[in-house]
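In: How does the following fold in three dimensions:
(one chain, ligands or ions: 1)
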Amino acid sequence: MKKDEAITHGSIKNYNRKKILNLLMAKRELTKQEIAIKTNISIPTVTTNINELMKEGIIEEAGVADSRGGRKPVIVRFVPDSKFSFGVDINVERAKIALVNLDCKIIEDVEFSIVSIGRIEEIVQKIVKEIELLISKHSIEESKILGIGFSLPGTVNEKKMILELAPNLKMKNINFKQFSNFIKLPFYIENEANAGAIAEYYLSGKKLSNFVFVSITQGVGTGVIINGHLYKGKNQRAGEFGHMVIVPDGKQCNCGRKGCWELYASERALLESYFERTGKVLTIDDFMKLVTEKDTVAIDIWEDYLNYLSIGIENLILGLDPMAVIIGGNIAKWEELIVDSVKQKIFSKESFEGVDDVKILCSKMGEDASLLGAALIPIHKVFG
Ligand SMILES: [Zn+2]
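Out: Predicted coordinates for the structure are as follows:
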C-alpha cells in the first residue's frame, strides 16, 4: 500500500524497483523496452534494476523477442519461486501455517489444534518448529525466506508488535517482540480480519478500492479498506465492528460488554443457537447440510442468523458507504444461501441504499483469507 515518503535518491531507486517488479509480477514476461514504455522509466535505469533483480534470482532471461532489424531484445521473466514467505493464522481452535511463493500460492500448509496448549509461548514455539520442518522438507535456503506474518484474532498494534486484546483467546497485552529470541526470521503481526482484507485486496482480482471484509469465524472481525489503504485508526484498533452492540442488554460477550454483533453473527453463535434448541453439537458443514435439506429447525435458526448478520452489515454500509461488503470465513462457502437473503433483508425495506449501490459478496478464499493476507505482509515489506 502507498506510503507518503520524502523524495530522496534512495526512495526513487526503491520506487523504480518496485514499479518494475510489480509490472513483471503482473505481466510475467517482458522485454526491457516494454518495461521502459509501460513504467515510463528510462532504459538505463530499467537495465540497472533488471541486472540487480537477475542477480537476486527474482527474474531470469527467457529468450529473445522478434525484432524488425538490429539486435533482438531479450525477454525477462518473473520467477515466483525465487523467494518464499510464511503465513500463520491463529484462531480459537487451531494454528495454521502456510509456506507460499511470491505469487502467494500455497506450496504446503499444516495445522495443529491449540485447544490443549493454551500458553501463547508454547503455541509460537510449536509454530516455529513446524516452519523449520517445512523449510527442511522443501530444501529452501534461509536467504530465500522473506519472513513470517502472523494473523491474530484480536486488536493488534503491529508497530509495537503487541496483541493487545484477544477476548476469545482470553489473552491480552502479549508482546510478540519477546519471541524474537527463538524466531530467527523477520516476523510481523496483524489482526485476522485486516489480514483477510489485505488478501482480498491484492489476491482476489476484484479491483475494489473501498470495501469492508467481514471475517466470520468463532468471532466476527472486520477489515476496512479505504482508497486502497487498510484503515487502522489512531490506536490501530479500527474495524472492531464485531463488538458493536446490536442487542441492548443481550448475551454476555468475552469483551466484557453485552449484545455484541459477534454473539449473533459468528459461526460459533450459529452453532450454539442450534445446540440450545436441539441439544446437538454440529459442525458448520453438518448444520448447512440441514439447511440445504430444508430441516425446519435449521432453517428457522439460519433465518434468525441472517437477520442479525444483515443488521450488522447494514450498519457498516450506513457508516462507511463502501463499494462492497465481502463476507469471509468458512461460512462464505455457502454464498448462494447468504448473498440473496442478506440483500433482500438490507435493501427491500425503506433504505438509504439501492441494491446496486453496494455489492454484497462472499470471499472465494474461504477460511484461508487471513492466512494468505498474513503471508503477504513479509512479501510487501520487501516488494510492496
Ligand atoms: Zn464484545
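In: partners of the helix or strand harbouring residue 325 in the sheet?
Out: Per DSSP states H and E, residue 325 falls inside strand 324-328. In the sheet, strand 324-328 lines up against strand 211-216 (parallel), strand 359-362 (parallel) (DSSP bridges).
In: in what helix or strand does residue 134 lie?
Out: Per DSSP H and E: helix 120-137 holds residue 134.
In: Same check on residue 190?
Out: Applying DSSP H and E, one finds residue 190 within strand 187-191.
In: For the helix holding residue 134, name the packing helices and strands.
Out: With contacts defined as 3 or more Cβ pairs under 8 Å, 6 or more residues apart in numbering; DSSP states H and E, helix 120-137 has these neighbours: strand 84-90, strand 94-101, strand 106-113. The way it works is simple: take the backbone N, C-alpha and C, and place the C-beta from them, glycine included.
In: Tell me which of those strands sits most buried.
Out: Counting by mean count of other Cβ atoms under 10 Å, strand 84-90 has the highest mean neighbour count of these, with a mean of 27.
In: and that strand, average pLDDT?
Out: Mean per-residue pLDDT for strand 84-90: 97.
In: Now do that strand against strand 94-101, angle only.
Out: Orientation of strand 84-90 against strand 94-101 (axes from the mean of the first three to the mean of the last three Cα atoms, to 10 degrees) gives an angle of 160 degrees.
In: Partner strands of strand 84-90, with direction?
Out: Looking at strand 84-90 with DSSP bridges, its partner strands are strand 94-101 (antiparallel), strand 145-152 (parallel).
In: Just the residues contacting the last one, thanks.
Out: If I follow you right, that is strand 145-152. Outside strand 145-152, the residues that touch it by Cβ atoms under 8 Å, 6 or more residues apart in numbering are 83-90, 131, 135, 163, 166, 176, 183, 185-192, 195-196, 370-371, 373-379, 381-382.
In: And it, what's buried?
Out: Using 16 or more other Cβ atoms under 10 Å as the test for burial, strand 145-152 gives 145, 146, 147, 148, 149, 150, 151, 152.
In: Average pLDDT for the helix holding residue 134, rounded please.
Out: Helix 120-137 shows a mean pLDDT of 96.
In: Check stretch 335-354 too.
Out: pLDDT averaged over stretch 335-354 gives 85.
In: now swap in stretch 306-316 and tell me
Out: If you average the pLDDT values across stretch 306-316, you get 97.
In: List the buried residues for that stretch?
Out: 306, 308, 309, 310, 311, 312, 313, 314, 316.
In: what do you get for stretch 39-56?
Out: Quick answer for stretch 39-56 (16+ other Cβ under 10 Å): 39, 41, 45, 46, 49, 50, 53.
In: Look at the last one and report its pLDDT.
Out: Among the per-residue scores, residue 53 shows a pLDDT of 94.
In: can the host helix or strand of residue 308 be found next to the ion?
Out: Element membership of residue 308, judged by DSSP H and E, is helix 296-320. No: counting by Cβ under 5 Å from the ion, the ion has no neighbours in helix 296-320; the shortest distance is 12.4 Å.
In: following the strand holding residue 190, which helix or strand comes up?
Out: Next helix or strand after strand 187-191 toward the C-terminus (DSSP H and E): helix 192-203.
In: Now do that next one: which elements does it pack against?
Out: Judged by 3+ Cβ pairs under 8 Å, 6+ apart, helix 192-203 is in contact with strand 84-90, strand 145-152, strand 211-216, strand 220-226, strand 229-230, strand 324-328, helix 369-383.
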